[in-house]
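Undergrad: sequence first, predicted coordinates after that:
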Amino acid sequence: MKAFISETKTALLNVTSVAGIIFMVLLGAFLDAGAPTLTQGHNAPSNPHFVASSCYTAAAIYAGLLVFGLSQSYLHKRNPSTQHF
């Protein structure tokens, strides 16, 4: 099996995925904890726990992208001579 994307794009995908996971998990945790900055005010969500679960779902999607990116990195290390766009 050969990789779909280049090594540079794979590295960028992995870094972006890790950052997305960290950001979404932290945002969800703060919403679940009832952080006043996020849960009070005129633009605050009416149900912060629902928004927190959406953040966790987004983190799971980023985790799936990370798994894909890591598999692409593995394929690049296994077959270093492949050319990509």
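TA: In hand now; what should we look at?

Undergrad: and the nearest residue to M24 once chain neighbours are set aside, how far from T39?
TA: Spatial nearest neighbour of M24, excluding adjacent residues (C-beta to C-beta, 6 or more residues apart in numbering): A59 at 3.8 Å. Placement of C-beta: from N, CA and C, glycine included. Plainly put, A59 is 19 Å away from T39 if you go by C-beta to C-beta, to the nearest Å.

Undergrad: and the host helix or strand of G20, what's its mean pLDDT?
TA: Using DSSP states H and E, the element containing G20 is helix 7-33. Mean pLDDT, computed over helix 7-33, is 97.

Undergrad: and the helix or strand following it, how far from the chain's centre?
TA: Next helix or strand after helix 7-33 toward the C-terminus (DSSP H and E): helix 36-39. Here helix 36-39 shows a centroid-to-chain-centroid distance of 23 Å under the convention C-alpha atoms, centre = their mean, to the nearest Å.

Undergrad: helices or strands next to the helix or strand just after helix 36-39 in the packing?
TA: Where DSSP H and E defines the elements, the next helix or strand beyond helix 36-39 is helix 48-78. Helices and strands touching helix 48-78, as assessed by 3 or more C-beta pairs under 8 Å, 6 or more residues apart in numbering; DSSP states H and E, comprise helix 7-33.
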